[in-house]
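Student: here you go, sequence then predicted model.
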Amino acid sequence: MASWSENPILKVEHLTMRFGGLVAIDDLSFDVGRGDITALIGPNGAGKTTVFNCITGFYKPTEGRLKLRHHDGDTFLLERMPDFKIARHAKVARTFQNIRLFGGMTVLENLMVAQHNPLMHASAFSFAGIFSLPRFRNAEAKAVERATYWLEHVNLIDRADDPASDLPYGAQRRLEIARAMCTGPELLCLDEPAAGLNPRESAELNKLLRYIGANHETSILLIEHDMSVVMEISDHVVVLDYGEKISDGNPEKVKNDPAVIAAYLGVDDEEVETVEQEVGV
């Protein structure tokens, strides 16, 4: 049995997603190991973002089960939950392929907004906040402490008071991950976090994701086209093509799988050896 099947945080079982007559995801099953960095890869149009949309509640699957189990044993069936409950109660956080920061807010304010729910609860929905009662002051201090912690770990503490829109692109990517981590997620879903990054920024991203995996009770599921990122940091790789799983294993196994090579080169399986020889793979 694969290591990620021995202690999964998420089990995707027979997931199917249809849009009218189009089958975007077809009977997909895979596990995300607790504490692992799991990469979901495949050619454009393979269905990767659709899988993310099902896990995070943006889509309700046509069929299948999405079972998330916290480290304390609490279990959630994500396909039965609205998106806001998946974020708040199941503790699934997400970033998007297109950055979605609050550009007019400061860097620090973006991380405080991520902690809106506990702050509202501590404020008794404004009463305790208006009168600055101790319970709210304590919660606010903890929120600032958490935000400061993540700003230090994404190397943005010196930009805390700058508008988020003033940050360079790579820094905005790191800020978006920091904002997601301020929600205290059990599962962090990253949609192409390395998109548009230069090699130095990709290296910083790799370091950050490894730090999260090693030091926090957060498992990572990412969609990524940058194979240098995938192969360097992933414990487990799942490959999709036209909505179906074609490979599932560690990076070395997946990298050498003829079905994966065929999908990426755009040829039939039986032509892989010929093309490999032609391009020197």
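Tutor: That came in fine, so what should we check first?
Student: could you find the closest non-adjacent residue to residue 28?
Tutor: Using CB to CB, 6 or more residues apart in numbering and skipping residues adjacent in sequence, the residue nearest residue 28 is residue 15, 4.4 Å away. (Each C-beta comes from the backbone N, C-alpha and C, glycine too.)
Student: give the contact list for the one you found.
Tutor: With contacts defined as CB atoms under 8 Å, 6 or more residues apart in numbering, residue 15 is in contact with 25, 27-29, 51, 54, 61, 63-66.
Student: of those, select the buried ones using a PyMOL command.
Tutor: Burial among the contacts of residue 15 is assessed by 16 or more other CB atoms under 10 Å; the matching PyMOL selection reads:
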select buried, resi 25+28+51+54+61+64+66
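Student: quick check, nearest of the contacts of residue 15 to residue 243?
Tutor: residue 25 (4.6 Å; CB to CB).
Student: strand partners (parallel or antiparallel) of the helix or strand containing that closest one?
Tutor: Per DSSP states H and E, residue 25 falls inside strand 22-33. Sheet pairing of strand 22-33 (DSSP bridges) gives strand 8-19 (antiparallel).
Student: quick check: mean pLDDT of the partner strand?
Tutor: What strand 8-19 shows for mean pLDDT is 97.
Student: what do you get for stretch 249-259?
Tutor: Rounded mean pLDDT across stretch 249-259 is 92.
Student: gap between the two ends of that stretch?
Tutor: Stretch 249-259 has an end-to-end distance of 13 Å (criterion: CA to CA, to the nearest Å).
Student: circling back to that earlier point, how close does the residue nearest to residue 28 sit to residue 71?
Tutor: 23 Å (CB to CB, to the nearest Å).
Student: that older thread, who's in contact with the strand holding residue 25?
Tutor: Residues outside strand 22-33 that contact it (CB under 8 Å, 6+ apart) are 2-18, 38, 47, 50-51, 54, 61, 64, 187, 219, 221, 235-236, 238, 240, 242-245, 248.
Student: make a ChimeraX selection of whichever of the residues you listed turn out to be buried.
Tutor: With 16+ other CB under 10 Å as the criterion, this ChimeraX line picks the buried residues out of those:
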select :4,8,9,10,12,15,16,17,38,47,50,51,54,61,64,187,219,221,235,236,238,240,243,245,248
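Student: quick one on the thing from earlier: average pLDDT for the strand holding residue 25, rounded please.
Tutor: pLDDT averaged over strand 22-33 gives 97.
Student: no further queries at this time; thank you.
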